[in-house]
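Peer 1: Model the following, please.
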Amino acid sequence: MNKLVDRFIIVLLVCTPFIAFANTYRVGATRTYTVPSAVSPLVNNGDTVLIDAGEYVGDVCSWRANNLLLRGEGLVILRANGKAAEQKAIWVVKGNDCVIDGIDFRDCAVPDRNGAGIRVEGTNITVQRCAFRKNQDGILAGDNRTSTITVEYCEFDRSGAGDGLSHAIYVNHVRRFIFRYNYSHGTLVGHEFKSRALETFIAYNRISNEDGTGSRNIDLPNGGTSVIIGNVIQHGPNAENGNVIGYGLEGMVDTVANNLTVAYNTIVNERSSATFIRADTNTKILRLVNNLIAGNGTLLIGDAADVDTLHNLRSMRIADVMFTNAAQYDYRLLETSPARLAALDVWNDLQVTPTYSYRHVTGRTERRTARDLGAYESDKTASVDVTNETDIGSVTPLPASSFITLHLPMSVRGLPSSVIGVDGRTIAMLGIAAEEDLRINVQAYPPGLYTIVCGRVNVPFIVAR
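Peer 2: As a prediction, this is how the structure comes out:
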């Protein structure tokens, strides 16, 4: 019997695959590893690094493993102090599918003037709850057409080397760039935001020059499928460039639909003159709808095969819009604002409706109506229009690749529902929404932003592969 048991154990050991267990490393002044660079050569795929609160001066490194979680516990400041990993950045991230959470990157400068807080060289990364202060580039990402980059709840403060070639955030040719709930401001000459991604989604951010000398607030030099929704955009009096948003001005990408949708943004120009949107004439679709645009300047230079710029509030005088406190960049609407209750009925036309509003600093609040123009709904509109704050829908997972589960509130069950593409066209009719949760196959949908419409409920979702 013992020999039989021994043989069984040997067979079990031989046939059982080796299982690698992820490790958690703690970094801090009282830990075995006192700085992040002491851990970076040790980590393996799937490991977690937790960094104690504190200031780590002159500590820079590269991360090569995949599926890392690098998280700050409290206020974690990485101050470059003249150092840069590989002469590129405070952190160079070479691994795939990494998450960086809660780190403050400061003062990176290198001779080629592209010293970044984070240099992205791997495929797919999520950066959340981080700050980038006085770096030549906040985040710099190179070409990788299979990569998705997500940046959320982050601040980019006084970036740029002053040469106009370094920016608060600069993402080159990647597949998809999602930028949401962030605050980018005060850039020195460069752009507050620059993306060459095939698909760019800019949602519910504050992107403002303030008293800086930044150039464009948003620069999309190669076009692509781009959605700008629910943002607070302020073009400052000292801005070097007169364009607020630039699209396709360095040549269009010919492998994707070059469509630009700008909806429900509050755009304020304090410069003596400006062009709010400058677009290449090869743009296929340009939709500029339900925006609140204030200050001196030209609304649009450029053209597209299909243009809709008819429904926006355009005020040459900022004071006439009746913001709460424009001098302090508080662009919430007073009850007397002409932007109240003036939005186009988007569920019949554009199908890109706001679900959130930007909350300063680097946050979001739920937007409960789409009645008001611009990035904010007035308190008066919300209090009158909303009787049930739970009257919203949701989709999981986000982003999706094959199937999604749609949850609808009781108020719209029994109504027909449909899926609308970013260009406003109906992709699919889903029939009557009778069940609480509905599983939907999206495997045939091209990657991009979609909205499910059921009655007055609009639920956005993203397909990504």
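
Peer 1: which sections of this protein are below the confidence cut-off?
Peer 2: Within the chain, the segments meeting pLDDT under 70 span 1-21, 345-351, 382-392, 398, 422-424, 432-436, 456.

Peer 1: Domain-wise, how is it divided?
Peer 2: 22-141, 191-386, 394-463 (automatic domain parsing).

Peer 1: Mean neighbour count for the ones you listed - can I get that in JSON lines?
Peer 2: Yep, even glycine has a C-beta here, placed from its N, CA and C like the rest. As requested, the domains of the chain are arranged in JSON lines below (neighbours: other CB atoms under 10 Å):
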{"stretch": "domain 22-141", "mean neighbour count": "20"}
{"stretch": "domain 191-386", "mean neighbour count": "21"}
{"stretch": "domain 394-463", "mean neighbour count": "17"}
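
Peer 1: Where do the helices of the chain begin and end?
Peer 2: All helices of the chain, identified by DSSP state H, fall at 2-15, 379-385.

Peer 1: Relative to Cys61, how far out is the closest residue to Leu69 other than its chain neighbours?
Peer 2: Sequence neighbours aside, Thr48 is the residue nearest to Leu69 in space, at 4.5 Å (criterion: CB to CB, 6 or more residues apart in numbering). Distance of Thr48 to Cys61, given as CB to CB, to the nearest Å: 16 Å.

Peer 1: same deal with Asn265?
Peer 2: Counting by CB to CB, the gap from Asn265 to Cys61 is 38 Å.

Peer 1: and if you look at Lys88?
Peer 2: Using CB to CB, we find Lys88 at a distance of 11 Å from Cys61.

Peer 1: Glu121 against Val92, yeah?
Peer 2: Yes - counting by CB atoms under 8 Å, Glu121 does reach Val92; the two are 6.3 Å apart.

Peer 1: what is in contact with those two at once?
Peer 2: Residues touching both Glu121 and Val92 by CB atoms under 8 Å, 6 or more residues apart in numbering: none at all.

Peer 1: Does Ala263 touch Arg287 like I think?
Peer 2: Yes - with contact defined as CB under 8 Å, Ala263 counts as touching Arg287 (6.9 Å).

Peer 1: Please list all residues in contact with the residue nearest to Val27 when sequence neighbours are not counted.
Peer 2: By the measure of CB to CB, 6+ apart, the closest residue to Val27 outside its immediate chain neighbours is Ile51, 4.5 Å from it. When contacts are counted by CB under 8 Å, 6+ apart, Ile51 touches Val27, Gly28, Pro36, Leu70, Arg71, Gly72, Glu73, Val76, Ile103.

Peer 1: ok, now with 10 Å
Peer 2: By CB atoms under 10 Å, 6 or more residues apart in numbering, the contact list for Ile51 reads 25-28, 31, 33, 35-36, 39, 70-74, 76, 78, 102-103.

Peer 1: What of Gly431?
Peer 2: Taking CB under 10 Å, 6+ apart as the test, what Gly431 contacts is Pro416, Ser417, Ser418, Leu438.

Peer 1: wait, which of those is closest to Ile202?
Peer 2: Ser418 (25.2 Å; CB to CB).

Peer 1: Ile202 touches Asn231, doesn't it?
Peer 2: Yes - with contact defined as CB atoms under 10 Å, Ile202 counts as touching Asn231 (6.2 Å).

Peer 1: Need the overlap of contacts for those two.
Peer 2: Joint contacts of Ile202 and Asn231 (CB under 10 Å, 6+ apart) are Phe179, Arg180, Asn182, Phe193, Asn217, Ile218, Ile245, Val262, Asn265.

Peer 1: Which ones among those residues lie within strands?
Peer 2: Of the shared contacts of Ile202 and Asn231, the ones assigned to strands by DSSP state E are Phe179, Arg180, Ile218, Ile245, Val262.
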